Structure formats: C-alpha cells, structure tokens
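Student: Can you look at this prediction? I've put the sequence above it.
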Amino acid sequence: MSLPHALTDLYVQHHSWLRGWLQRRLGHAGDAADFAQDTYLRVIESRTALAEIREPRAFLTTVAKRVVANHLRHREIERAYLETLAHMPEPLAPSPEDRAIVLEALLEIDAILDGLPPKVRTAFLWAQLDGMPYAEIAERMGVSLSSVKQYMARAIRHCYFPGGAA
C-alpha cells in the first residue's frame, strides 16, 4: 500500500478516535483538534512504514503524547524567557523581532538537547551554562572523569550533527 493510501486509511479510521482521546485528556475540543492534526503531521514527517503498524491507536497515542509534551515544554521555555525579559531594564529589552528570533533559537536548542540521554545532557548543561569543571561534574554525578569527557564529546557531536553520530 502506498504512503498516501496508508495515511488516508489511518486518518479516516482513527482521526475521530484520536481527537476524542485528546479531548478527554486536555478538556478542550479546539486544542484536541489542533493536537490531532499535529500528530498526523508528525506521522508524515516520521516516514514510518504505516502499512506495517499493527496497533494504530497505540502508535497514534504515543505520537500524540510526544506532540503534547513538546508543546508543553515549548510553552514552559517561552514562559521562562518572557519572565527573564520582564526582569530586564527597559532600555536593554530586545525588540519583538529579536525576542522571536531568540525564542526560536531556544526552542531549536531544546529540541537538539532533548535527543541526548539525561546524563549526557546534564553534564553538557553544567559545563556550558554553569562553567562547571569536568572534575566537579564527575563528582556531582558520581561518575568518573573519563565518563564526563565521553558525555561531553557525545553532546558536542550531537549538537553539530543532530541526526547523526551522537
């Protein structure tokens, strides 16, 4: 079965169910409809072999949960950024255009870092944002210094080649 036919079948057979499932969890029909559409967009982007999916509702549920989680994380990043801006003196505040650019960059960084295992991400953030020395990171994490060096190498590779060699 071709991708358009498999996608059409998946949509026709399960869209109403997915929208209802999302509405029960979110409590808002409009949000449920938006997230259902975003779920199908994510399915298209994933290039999953749709004809081979044995449990379509379980598959759609998993994708929808990720879509909702990403949305909530993005909203939290935006809230934290706007809160930070609110504490800036007025003359130093960025323009609306610059705010949008920075927010987009923050969301892209978050998406890249989200692809890292938790220990690797934590070590990377402590080193890059807090300037913590590798030895201190190793002590805090209860791992060896060589593990921290491996985490950092992996994180750096992942940041430069997000889809590849991490």
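Tutor: That came through, no problem. Numbers count the residues shown, from 1 in each chain.

Student: C-terminal to the longest helix anywhere in the chain, what's the next element?
Tutor: The residue-count maximum for a helix in the chain (DSSP state H) belongs to helix 56-86. On the C-terminal side of helix 56-86, the closest following helix or strand by DSSP states H and E is helix 96-114.

Student: how much distance is there from that following helix to the middle of the chain?
Tutor: The chain centre lies 12 Å from the centre of helix 96-114; the measure is C-alpha atoms, centre = their mean, to the nearest Å.

Student: could you measure His15 against Arg57, distance?
Tutor: In this structure, His15 and Arg57 are 11 Å apart, going by C-beta to C-beta, to the nearest Å. All C-beta spots, glycine's among them, are computed from the backbone N, C-alpha and C.

Student: Have a look at the two and say which one is more surrounded.
Tutor: His15 (16 against 13; other C-beta atoms under 10 Å).

Student: Quick check: the gap between the more buried one and Ser46.
Tutor: His15 is 17 Å from Ser46, by C-beta to C-beta.

Student: Please identify the buried residues of the longest helix of the chain?
Tutor: Judged by neighbour count (16 or more other C-beta atoms under 10 Å), helix 56-86 contains these buried residues: 56, 59-61, 63-64, 67-68, 70.

Student: Please apply the same query to stretch 23-32.
Tutor: So, applying 16+ other C-beta under 10 Å, buried residues of stretch 23-32: 23, 32.

Student: export it as PDB, just CAs?
Tutor: Provided in PDB are the C-alpha atoms of stretch 23-32 (Å, rounded to 0.1, in the frame of the first residue of the first chain):
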ATOM      1  CA  GLN A  23     -10.200  16.000  24.200                       C
ATOM      2  CA  ARG A  24     -10.800  13.700  27.200                       C
ATOM      3  CA  ARG A  25      -7.200  14.300  28.400                       C
ATOM      4  CA  LEU A  26      -7.000  18.100  27.500                       C
ATOM      5  CA  GLY A  27     -10.500  19.100  28.200                       C
ATOM      6  CA  HIS A  28     -10.700  21.400  25.200                       C
ATOM      7  CA  ALA A  29     -12.100  20.500  21.800                       C
ATOM      8  CA  GLY A  30     -10.000  23.100  19.900                       C
ATOM      9  CA  ASP A  31      -6.800  22.000  21.500                       C
ATOM     10  CA  ALA A  32      -7.600  18.400  20.800                       C
END
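
Student: Since that was my last question, I'll sign off now.
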